[in-house]
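# Sequence unavailable; structure follows:
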């Protein structure tokens, strides 16, 4: 309990302090230290079994243990990358590479403060066991991340931040309405909205109210999770944010909203309504996968491509949970795999962006020759995110497919495979050309590009700084290892988490 | 309580029919005051400090601080009116009556004997009006006002169901809404500076569905 409180308070205090610390070195040191300490605290809180009693407002079950450690690992990676990133970003106003206007970055203190507060809010969202408290935390993540998306303070990031703030706030207000309805499911007795109370009284809950509440919360948190057709803010926000922030948003923040949906599905499952919520989740999952696949296919901006890929993978997660049984295990494993891989891809995309100064897929050719490590990571990331063996994503996606076949849901399974192939084909065309292509057809841009590559200052920058290469490299290794070996404690946690929803036997 | 509910409904109708933005801000401020008074009136018999603090902080944040922020935005940007909404003011009022009907239908359908029907109706009406304003008005400032109206409605539903959320959670919800609108206000300043207008429907540079407008066109 104290440990968990510390895990929340540490980044919250460090974030608040960051706003007031003037010297860059001290603030960056604080940022790095907080990330390391947070990981240590999370591991200490997550590894022991049943360390905290679960009838409090905050507590740790196997599901939150998985997500907490995952978030903390990603944050450490984003921190190493991010400290180098903000240090390299110019303080003076600079020219926008896309529309030629001038823009000036946010003060670094605001950026650091916001990202640490985001970590605090995500931690609270993961460990809270009171539905309304979790709502407060998830809304707080939106508020903390809006300044991060607006870091570059140009027109596009402004537009992205505005849409993000408005759409997610409205969505989350709908979820709050759903939480009010959950309160109405309890007919008499204590009305506390803790999971412990709800699960203990699951048999007596009013089914009509529970189904209404589930729909409201699915739509509300689904907006924040990026389930199609509620995803419209996501490609904008994830592509305009600085790359370490995109990695956090796609890898960690979407999971928090997913957890919001999981909690109410957990209550539904306990009340014997697993298939009601499950069918809705399968539907949303398939729609998300299909829509994202179509938009990946004709995408001209590689960060947007990654963002749509996140929509697709959120669809896979929803689908897996919706199927239930073995799908639950697959879905939680996939959440781990996807977060690691997507964070790695966004960080690599940041390296490409800072080298080529464009997000246009047609204007980058032969990245492997210019940036050997990032180019190789870009291809590896593509293979991993599309679920190719031997990466961990292959195993988790295959597990979900098996769940579909086991239950005899052939139509769902067929659509699932078709949509996976669609995303594979779409990304293959874009990524392989970017990484391996030799000639550029756009002659005007080719001259600009060669000028960028040949100028002496560019030559100095051509070496890939270790802060920009190490985190994605480590994530790539983790993604690969998860494909060949699933550590015992993690497998145990995943099975326990599936048990919360009625188990894997089905 | 009936008086408050009726005033809430009237204020929503006023929002639908008014084109002047400073009137709209005042109406939303009045809603904030009403919602601050509401929990105090609702539990007048067993009033305790927590409810009093909650009501007062609602009045201060939603009734005073946020409207003041919005007014500052309005003054700096120099706009006065909501021009050419996607749905005109007359038809908006007409839609408003339809939404009111819908709100009554929802409130009756919920079958909550212990909850005053008119309070529930007015709260759902505020949610629906907020959503309606969000999609039919052009100005970004109206969108943030619409969010506030919708949030007021959600808050009203919470009060009318007399939810016994822990005090800290209630304060957290209020704080979230306050910071949210505060951030929106901050972004409004930047929107005004960058785009020299506050028309949210011209935020179309990021889209996969249509060709983006050539840069610089908006400045004309």
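In hand now; what should we look at? On a predicted model such as this, the values are computed, not experimentally measured, just so you know.

# check contacts around the nearest residue to residue B:57 once chain neighbours are set aside.
Nearest non-adjacent residue to residue B:57, counting by CB to CB, 6 or more residues apart in numbering or on different chains: residue B:174, 6.1 Å away. Any C-beta I mention is one placed from the backbone N, CA and C, and that applies to glycine too. Shown in contact with residue B:174 (CB atoms under 8 Å, 6 or more residues apart in numbering or on different chains): B:54, B:57, B:58, B:61.

# Residue A:73 contacts residue A:40, correct?
No - look at residue A:73 against residue A:40 with CB atoms under 8 Å: they stay out of range, at 11.6 Å.

# Compare those two and say which is more crowded by neighbours.
Per other CB atoms under 10 Å in any protein chain shown, whichever of residue A:73 and residue A:40 has more neighbours is residue A:73, with 23 against 12.

# I'd like to know how many residues surround residue B:80.
By other CB under 10 Å, 11 other residues sit near residue B:80.

# ok, it to chain A distance?
The gap separating residue B:80 from chain A is 22 Å, by CB to the nearest CB, to the nearest Å.

# which residues touch that residue?
B:20, B:21, B:22.

# what's residue 122 in contact with, if anything?
Because you didn't say which chain, this covers chain A. A:71, A:137, A:141, A:252, A:253, A:256.

# Switch to chain B, please.
Neighbour list for residue B:122: B:5, B:6, B:8, B:9, B:12, B:103, B:156 [criterion: CB under 8 Å, 6+ apart].

# so when I look at the fourth one, I'm seeing a strand, right?
No - the assignment for residue B:9 is helix, going by DSSP: H, G, I helix; E, B strand; the rest coil, so no strand is present there.

# right, and it touches residue B:128 too?
No - between residue B:9 and residue B:128 there is no contact under CB under 8 Å: 11.3 Å.

# hang on, the earlier thing: in the one helix or strand the residue nearest to residue B:57 maps to, what's buried?
Assigned by DSSP states H and E, residue B:174 belongs to helix B:167-195. Using 16 or more other CB atoms under 10 Å in any protein chain shown as the test for burial, helix B:167-195 gives B:169-188, B:190-192, B:194-195.

# cool, stretch A:238-257 as well?
Judged by neighbour count using 16+ other CB under 10 Å, the buried positions of stretch A:238-257 are A:238-257.

# Of the residues you listed, which ones also sit close to chain B?
A:239, A:240 (CB under 8 Å from any CB of the partner chain).

# quick revisit: taking the contacts of residue B:80 one by one, which sit in helices?
B:21, B:22 (DSSP state H).

# Any of the contacts of residue B:80 buried? List them.
Neighbour-count burial (16+ other CB under 10 Å) applied to the contacts of residue B:80 gives residue B:21.

# with the contacts of residue B:80 in mind, which one is nearest to chain A?
Chain A has its nearest neighbour among the contacts of residue B:80 in residue B:21, at 17.2 Å by CB to the nearest CB.

# For that closest one, which residues are in contact?
Residue B:21 sits in contact with B:74, B:79, B:80, B:81, B:82, B:139, B:141, B:142, where contact means CB under 8 Å, 6+ apart.

# Please tell me the pLDDT value assigned to it.
Note on residue B:21: pLDDT of 86.

# how close does it sit to residue A:314?
Counting by CB to CB, to the nearest Å, the separation of residue B:21 from residue A:314 is 37 Å.

# Closest one to chain B out of the contacts of residue A:122, please.
Closest approach to chain B among those (CB to the nearest CB): residue A:137, at 8.3 Å.

# The closest one touches residue A:128, doesn't it?
Yes - Residue A:137 lies in contact with residue A:128 (CB under 8 Å); the separation is 5.7 Å.

# more crowded one of those two?
The neighbour comparison of residue A:137 against residue A:128 (other CB under 10 Å) goes to residue A:128, with 28 against 25.
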